[in-house]
Structures are given as structure tokens and as C-alpha cells.
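>>> Provided below for reference: sequence and predicted model.
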Amino acid sequence: MELHKLSNGAQCHDTAKPMDERIPPEEEMFLQHKNDATRSPQFTDFEGKTSFGMSVFNLSNAIMGSGILGLSYAMSNTGIVLFLILLTCIACLSCYSVHLLLCSAGIVGIRAYEQLGLRAFGYPGKILAAVVITLHNIGAMSSYLFIVKYELPLVIQAFLGHRISSEDWFMNGNYLIVIVTVSIIFPLTLMKHLGYLGYTSGFSLTCMVFFLSAVIYKKFNTVCPLEAFGNYSVNLVDPEDTCNAKLFTINQETAYTIPILAFAFVCHPEVLPIYTELHNPTKKRMQNIGNVSILSMFIMYFLTAIFGYLTFYENTEAELLHTYNKMDPLDTLILCVRLAVLVAVTLTVPVVLFPIRRALQHLLFPEKPFNWARHIIIALCLLTAVNLLVILVPNIRDIFGIIGATTAPSLIFILPGLFYIRIIPTDLEPMNTRPKIQAACFTMLGFVFMIMSLTFIGLDWMSGENRSIGGH
């Protein structure tokens with residue numbers, strides 16, 4: 001069996017090794033067979049129809065999250081050079097994580113995160129993977145709908161005039177998220193294949209490019225210091241540093257940057273579903289999709305962070321749009337940007353829902369063929385649960401913090417590393433080989449991130465402060 005060396009020196013098998021006779025029946029039935037149904041499933045037995053470009057749009061849209069609004073604030077607490085170093089490290093680690101997933105999937109012919117858990121650790125591993133994906137993506141979907149709940153009424157008020165009463169029903173965020181869910185999100189979740197969402201993902205990314213363009217434009221059209229804007233209160237603790245960009249900064253908030261950046265690249269539950277529906281699927285082709293998507297988001301993240309930071313410097317707030325709003329609440333461009341961000345996060349919800357539905361189907365109905373009624377009911381139940389969570393819970397910052405601090409490191413670092421160690425046969429790669437050692441170190445790094453994030457949350461709770469370690 002031919003081995004292909006990757007740029008990081010790790011190796012993996014590009015073709016699937018036939019499964020032995022002891023593999024559970026549900027794994028045997030997972031892939032659709034093109035030829036003889038009696039033979040063991042191979043990794044290329046199922047071929048989707050989604051193009052390379054559409055797959056890049058879907059994966060990029062899965063990576064892109066609400067966390068982009070806090071990257072300028074993160075840069076203000078690290079400095080430009082340190083932020084760039086951390087961003088580069090996290091992006092490279094994410095590419096390596098995708099590599100581990102694809103190697104593990106390719107060696108056993110499996111294209112579902114939960115099935116990898118089953119192969120590596122049996123049924124408990126399958127349950128763990130499904131629960132982690134479900135919790136993380138429900139948290140992500142809730143964060144997107146919270147943006148709709150709080151931002152859409154402000155946009156409506158700005159476009160229709162401030163004379164509108166806040167008592168009007170269309171100014172109630174709870175009603176608005178239900179309307180958006182029923183009219184936009186739910187119909188998109190009814191698509192049978194994730195690949196069909198490539199068009200909406202492309203439009204969502206276009207909205208975020210518009211957001212980035214506005215941030216760049218505002219940098220060159222905003223004076224500093226900001227006393228010229230009557231609505232903006234400038235931090236004058238150290239007036240000499242108000243308009244000076246820092247290359248390196250270490251303060252109390254600096255340690256929060258690593259979890260923020262790590263969570264900003266979470267896309268791993270969507271990698272294997274996108275791989276499943278890829279036309280002409282090969283590991284190299286899917287790895288290229290992952291690399292292009294992560295590189296695109298790396299560029300967008302860095303440009304957003306640096307131009308937002310160079311606009312407000314020490315006055316950058318944790319949510320960049322709020323910073324612009326304080327400067328000029330009636331700015332037409334910023335209002336359009338807020339609307340574009342709302343569209344982007346709304347169109348991202350269906351992409352995030354697909355891995356949850358796949359996880360639940362593999363967990364509850366492992367041997368059942370596709371069924372439209374079940375497909376629709378699961379989507380309806382998930383959206384109902386998320387809407388109720390956003391409506392009934394006034395502040396779920398702590399819930400998001402706990403979920404993010406545990407599920408994000410698990411999805412990026414811990415599970416891919418463990419899957420690789422357990423699934424790649426020791427006769428091909430013994431534990432003392434460099435790829436296995438790298439995977440073990442990668443897994444340990446995930447535990448370090450998890451402990452660090454949980455420690456920050458605990459310190460916040462004890463101090464009574466309301467910092468956020470970021471969200472996806």
C-alpha cells in the first residue's frame with residue numbers, strides 16, 4: 001500500500017484498508033456500494049456530486065462564526081505580531097487536525113465522525129462523539145440566533161426611524177427569531193444533501209467580505225483620536241497610547257486570546273459530511289479543500305482584526321459592531337454591515353445543523369435508510385429546542401463558555417488525535433513512529449487548552465466578572 005508524505009512529515013494511507021469480519025453490521029451498511037454488495041466497503045464506494053468550489057464555500061461557512069466580531073479586541077490584548085503568531089499556529093494546527101481525521105477515515109472507509117468513534121472505542125466512543133458534536137453545534141446555532149435576537153430589532157429601528165415604539169411586536173427579538181427560523185432557516189435545513197447549501201454558503205461569505213470591506217474603509221475614514229465623534233467616549237487613561245498600535249502586549253486579557261482563536265477555526269464536525277458529498281473524493285482533494293478554506297478564513301480573520309484594531313486601538317470593544325455603533329449609531333454603511341452580518345449568521349445555521357442531524361441519525365437509527373419524515377422531524381425538533389433556549393434563557397454566556405471550553409478542544413485536538421492513534425494499525429505505524437507521537441502530543445495539547453479555558457471560566461465566576469472566552 002502506497003504511502004504519501006504530507007508537508008508536516010506525517011504519513012497516512014490514501015486508500016482504504018478492507019475491514020475485517022469483526023466490524024459491526026452498522027459500519028458495513030454505512031457506505032453505499034457501487035458493485036458487489038457482499039464485499040467489504042471501500043472508502044471510494046460512495047461518490048457525491050458537490051464540486052470543489054461548493055465544498056470550499058460550505059467548509060469556509062462552517063469555520064466562519066460570530067467570533068470574527070471579537071478578533072480586533074483580541075488583537076488589542078496581544079499586539080499585532082503576537083496575534084499573527086497565535087493565529088498562524090492555530091490555523092496550522094487546524095489543518096493538521098483535518099489531516100488526522102481524513103487519515104483515520106480513509107484507513108477504514110468511514111465518513112462520519114461518530115462512526116470513527118465507534119471504530120476507535122466501540123459504542124461508548126460513538127456516543128461521546130455524537131454528544132460532543134450535538135452540544136457544540138447547538139451552542140453555535142444558539143449564538144447565531146442570539147445575534148439575530150438582539151441585532152435585528154436595532155437594524156429595523158434604524159431603517160424605519162427611532163420614532164418606532166419598542167413595544168411594537170416587530171421590535172420583539174423573540175418573535176423575530178421565530179419568523180427568521182420558520183421563513184429562512186427551516187426550509188434550508190430540509191435539503192437532502194449538504195452540498196446544495198453551497199450557494200447560500202457562498203452568499204453568506206459574500207456578506208462577510210462586505211463586512212471586511214467596510215472595516216477597511218472605516219479605517220481610512222476615521223480620525224484618531226476619536227473626540228470628533230460626540231457619541232464616543234475615548235479611554236484617556238493613557239492619552240499618549242490612544243492612537244499607537246502595539247506589536248506585543250501582555251495583560252490580564254491576553255490569555256483569553258488562545259481559546260478565542262482556537263474556537264474560531266472549529267469546523268471539524270462538517271469535514272466528513274462535506275467529504276461524503278464531494279465529487280471525485282480523494283483524501284488529497286479533501287485536504288486541499290480544508291487547506292483552502294482555513295487559509296481563506298485566516299486571511300479574513302487577520303484583515304478584520306488588524307483594520308478594526310487600527311481604527312480604535314485601545315478603545316476597541318469586545319464586539320466590533322458595538323464599537324462602530326457608539327461612534328455613529330445612524331451610519332448607513334454600518335447599518336448595512338449589521339444587516340449583512342445578520343444574513344451571514346442566519347445562512348450559517350443550516351450548515352451547522354446538518355452534522356447534528358447526522359450524529360442523531362447514526363446514534364438513534366444506525367441501520368435505517370434515508371427517510372424524509374425522519375429528516376424533517378429531526379430538523380424541526382432541533383430548531384424548536386434552539387429557539388426555546390434562546391427565548392427562555394436571558395443570559396447563557398456561562399453555558400456557552402462551558403460548552404465551548406469542553407467541546408471545541410475535543411473536536412479540534414483530542415478526538416482527532418485519539419482516533420488516529422487507535423485506528424491506524426500498529427503494524428503500519430507503531431506507537432514510537434513520528435506520526436503517532438505527533439498525534440499523541442496534539443491530543444495532550446487539546447487537554448491543555450481545555451484545562452486552561454475551564455480555569456479562566458472558574459476565575460471569572462469567582463471574581464464576579466463577565467468576560468467571554470469567545471464563541472464560534
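Arrived safely, thanks for sending.

>>> and A318, how far is that from Q287?
Between A318 and Q287 the computed distance is 34 Å (CB to CB, to the nearest Å). The C-beta positions use only the backbone N, C-alpha and C, and glycine is treated the same way.

>>> same question, Y123
In terms of CB to CB, Y123 sits 29 Å off from Q287.

>>> how about residues contacting stretch 338-352?
58, 61-62, 64-66, 69, 137, 140-141, 144-145, 147-148, 151-152, 154-155, 180, 184-185, 188-189, 191, 194, 197, 200-201, 203-205, 207-208, 210-211, 270, 321 (CB atoms under 8 Å, 6 or more residues apart in numbering).

>>> just the buried ones from those?
Buried members of the contacts of stretch 338-352, counted by 16 or more other CB atoms under 10 Å: 58, 61-62, 64-66, 69, 137, 140-141, 144-145, 147-148, 151-152, 154-155, 180, 184-185, 188-189, 194, 197, 200-201, 204-205, 207-208, 210-211, 270, 321.

>>> of those, which belong to helices?
Of the buried ones among the contacts of stretch 338-352, the ones assigned to helices by DSSP state H are 58, 61-62, 137, 140-141, 144-145, 147-148, 151-152, 154-155, 180, 188-189, 200-201, 204-205, 207-208, 210-211, 270, 321.

>>> report pLDDT for K436.
K436 is assigned 92 on the pLDDT scale.

>>> same deal with G65?
pLDDT, read off for G65, is 72.

>>> residue boundaries of the strands in the stretch 1-150 of the chain?
3-5, 11-13 (DSSP state E, counting those that start in this stretch).

>>> give the buried residues for stretch 98-112.
So for stretch 98-112, counting by 16+ other CB under 10 Å, buried means 98-112.

>>> what about dumping the CA coordinates of that stretch to PDB?
Provided in PDB are the C-alpha atoms of stretch 98-112 (Å, rounded to 0.1, in the frame of the first residue of the first chain):
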ATOM      1  CA  VAL A  98      -8.200  17.800   9.400                       C
ATOM      2  CA  HIS A  99      -5.300  15.600   8.100                       C
ATOM      3  CA  LEU A 100      -5.700  13.300  11.100                       C
ATOM      4  CA  LEU A 101      -9.500  13.000  10.500                       C
ATOM      5  CA  LEU A 102      -9.000  12.200   6.800                       C
ATOM      6  CA  CYS A 103      -6.300   9.600   7.500                       C
ATOM      7  CA  SER A 104      -8.500   7.900  10.100                       C
ATOM      8  CA  ALA A 105     -11.500   7.900   7.800                       C
ATOM      9  CA  GLY A 106      -9.500   6.700   4.800                       C
ATOM     10  CA  ILE A 107      -8.000   3.700   6.500                       C
ATOM     11  CA  VAL A 108     -11.400   2.200   7.500                       C
ATOM     12  CA  GLY A 109     -13.700   3.600   4.800                       C
ATOM     13  CA  ILE A 110     -15.800   5.700   7.200                       C
ATOM     14  CA  ARG A 111     -17.000   9.200   6.600                       C
ATOM     15  CA  ALA A 112     -18.800  10.100   9.800                       C
END
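
>>> mind checking how far it is from the chain centre?
Put simply, stretch 98-112 sits 20 Å off its chain's centre (CA atoms, centre = their mean, to the nearest Å).

>>> just stretch 176-193 next, same as before
How far stretch 176-193 lies from its chain's middle: 19 Å, per CA atoms, centre = their mean.

>>> what is the one helix or strand L261 maps to packed up against?
Per DSSP states H and E, L261 falls inside helix 257-264. For helix 257-264, the elements it packs on are helix 71-76, helix 80-108, helix 397-409, helix 434-463, judged by 3 or more CB pairs under 8 Å, 6 or more residues apart in numbering; DSSP states H and E.

>>> quick one: the second one to helix 257-264, angle?
Taking axes from the mean of the first three to the mean of the last three CA atoms, to 10 degrees, one finds that helix 80-108 is oriented at 40 degrees with respect to helix 257-264.

>>> same check, this time on the last one
Regarding helix 434-463 and helix 257-264, their directions subtend 120 degrees when assessed with the same axes, to 10 degrees.

>>> run through the stretch 301-450 of the chain and note the low-pLDDT ranges.
Residue ranges of the stretch 301-450 of the chain with pLDDT under 70: 329, 395-401.

>>> what ranges does it have for its helices?
320-327, 332-364, 372-392, 397-409, 415-423, 434-463 (DSSP state H, counting those that start in this stretch).

>>> so which of these is the most packed in?
Ranked by mean neighbour count, the helices of the stretch 301-450 of the chain are led by helix 415-423 with a mean of 24 (mean count of other CB atoms under 10 Å).

>>> fine by me, we can end here.
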